[in-house]
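**Student:** Return atomic coordinates for the entry below.
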Amino acid sequence: MLETEGGNPMADTYAGEFYCVKCKEKREAEGEVVVSDSGRRMAKATCPVCGTKLNRILGKA
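**Tutor:** Presented below is the predicted three-dimensional model:
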């Protein structure tokens, strides 16, 4: 689990809107938060309609 400097655990899941490039629509989904090599926080989920992988950039970690 990810933690901040204060010791409070951050949520390692993200629930919100993702854009599906296959459906070409915004979809509500829940996914896990990962940190990329460049230090960006990204949420990764699966489209509930077509099953395509969804990514959303959340910001710097």
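**Student:** which helices and strands does the strand ranked longest in the chain pack with?
**Tutor:** Longest strand of the chain, by residue count under DSSP state E: strand 25-35. Under the contact definition 3 or more CB pairs under 8 Å, 6 or more residues apart in numbering; DSSP states H and E, strand 25-35 sits against strand 13-20, strand 40-46, strand 53-60. No exception for glycine: its C-beta is placed from N, CA and C like everyone else's.
**Student:** any idea which of those is most buried?
**Tutor:** Ranked by mean neighbour count, the helices and strands packed on strand 25-35 are led by strand 40-46 with a mean of 17 (mean count of other CB atoms under 10 Å).
**Student:** Setting the sequence-adjacent residues aside, check what's closest to the residue most central in space within the chain.
**Tutor:** In the chain, the C-alpha nearest the mean C-alpha coordinate belongs to Ala43, at 1.1 Å (CA atoms, centre = their mean). Counting by CB to CB, 6 or more residues apart in numbering, Tyr14 is the residue found nearest to Ala43 once chain neighbours are left out, at 3.7 Å.
**Student:** For the one you found, list the residues it contacts.
**Tutor:** 30-33, 43, 45, 56, 58 (CB atoms under 8 Å, 6 or more residues apart in numbering).
**Student:** of the residues you listed, closest to Tyr19?
**Tutor:** Ranked by distance to Tyr19 (CB to CB), those are led by Arg56 at 7.7 Å.
**Student:** Looks like the closest one contacts Cys20 (just checking).
**Tutor:** No. With contact defined as CB atoms under 8 Å, Arg56 does not reach Cys20; the gap is 10.9 Å.
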